[in-house]
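Asker: return a 3D structure for these sequence lines:
(chains A and B)
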Amino acid sequence: MMKKRFNPIKDRSSEIVAFLMASPDMPKDEDVRFKIELSIEEAVENVVRYAYEGGIGWLEAGTSLDDKSLLLTIELRDAGMPFNPLEMDDPDVTLGANERPVGGLGIYLCKQMMDNIEYHYKDGNNILTMKKLVNPEKV
Amino acid sequence: MDITINKLEQKTYVVLDGRVDSTNADQFQKDVAPLMEGENLDIDIDCTNMTYTSSQGLRVFLLLQKSLMSRNGKMVLRNMNPRVKEVFDITGFSNIITIV
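Answerer: The predicted structure is shown next:
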């Protein structure tokens, strides 16, 4: 388990993503890494942009791997406005270009790229937990 | 993310090189803004070296597509790497943007 608290977080998404991607818990396989990085970026960007008024606040980012090195867990925690991103409606991905609203795809991508996402609100903190099965052969 | 724009007669050739993410998506949108107006009605985008896009990059591609449709123009994205293509597939963008 490794984690770090970033404070403040304004304009620091890429630094937070880079910290998580450099974790020894991350798999080596480039295809899996791509999916994980995209999910992390979307989730972190959500917190950095919207959790705190004026972007002033902290975000704690961490990774862990289960005993068998099969399941990667990424946890993001912040003390911003209570917000459950999983409650947002999924976009209608069948609409044509003219009908498609611009935006609203970030959390949908996380849901598709990760194997499990959970949200909890506890002790004044938003806690988003994203899990991905990883192949230990390629770690 | 580097972007090269080259206009040859009626066709506009664009080459994308690198990542589109939260750090540069706003700049990417500014860079392609000229393509959303005027005579740019036939746009060919080489995606061979586009290694990554987040939802913020998708947003810009959708704006481009909407702009071209409203002006009876067309846009083709060429030679996208499979990881990036999957992002377009999952979001249904492969159905609304021409990818060859």
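Asker: give me the neighbour count for B:Trp11.
Answerer: Rather than Trp, residue B:11 is Lys. Burial of B:Lys11 is recorded as 12 neighbouring residues (other Cβ atoms under 10 Å in any protein chain shown). Yep, even glycine has a C-beta here, placed from its N, CA and C like the rest.
Asker: and it, what are its bridge partners?
Answerer: The bridge-partner assignment for B:Lys11, based on DSSP bridges, gives B:Leu8.
Asker: equivalent analysis for the one 5 residues further on, please.
Answerer: In this structure, B:Leu16 bridges to B:Ile3 when assessed by DSSP bridges.
Asker: can I assume it is in contact with B:Asp46?
Answerer: Yes: under the criterion of Cβ atoms under 8 Å, B:Leu16 makes contact with B:Asp46 at 6.9 Å.
Asker: between those two, which is the more surrounded one?
Answerer: Using other Cβ under 10 Å, the more surrounded residue of B:Leu16 and B:Asp46 is B:Leu16, with 25 against 17.
Asker: OK, contacts around A:Asp31?
Answerer: For A:Asp31, the set of contacting residues under the criterion of Cβ atoms under 8 Å, 6 or more residues apart in numbering or on different chains consists of B:Arg83.
Asker: what's the pLDDT at residue 99?
Answerer: Went with chain A since none was named. The per-residue pLDDT reported for A:Glu99 equals 94.
Asker: not quite, I wanted chain B
Answerer: For B:Ile99, the predicted pLDDT is 98.
Asker: for the closest residue to it other than its chain neighbours, which residues make a bridge with it?
Answerer: In space, not counting the residues next to it along the chain, B:Ile99 is nearest to B:Leu77; the distance is 4.8 Å by Cβ to Cβ, 6 or more residues apart in numbering or on different chains. Taking DSSP bridges as the rule, B:Leu77 bridges to B:Ile45, B:Ile99.
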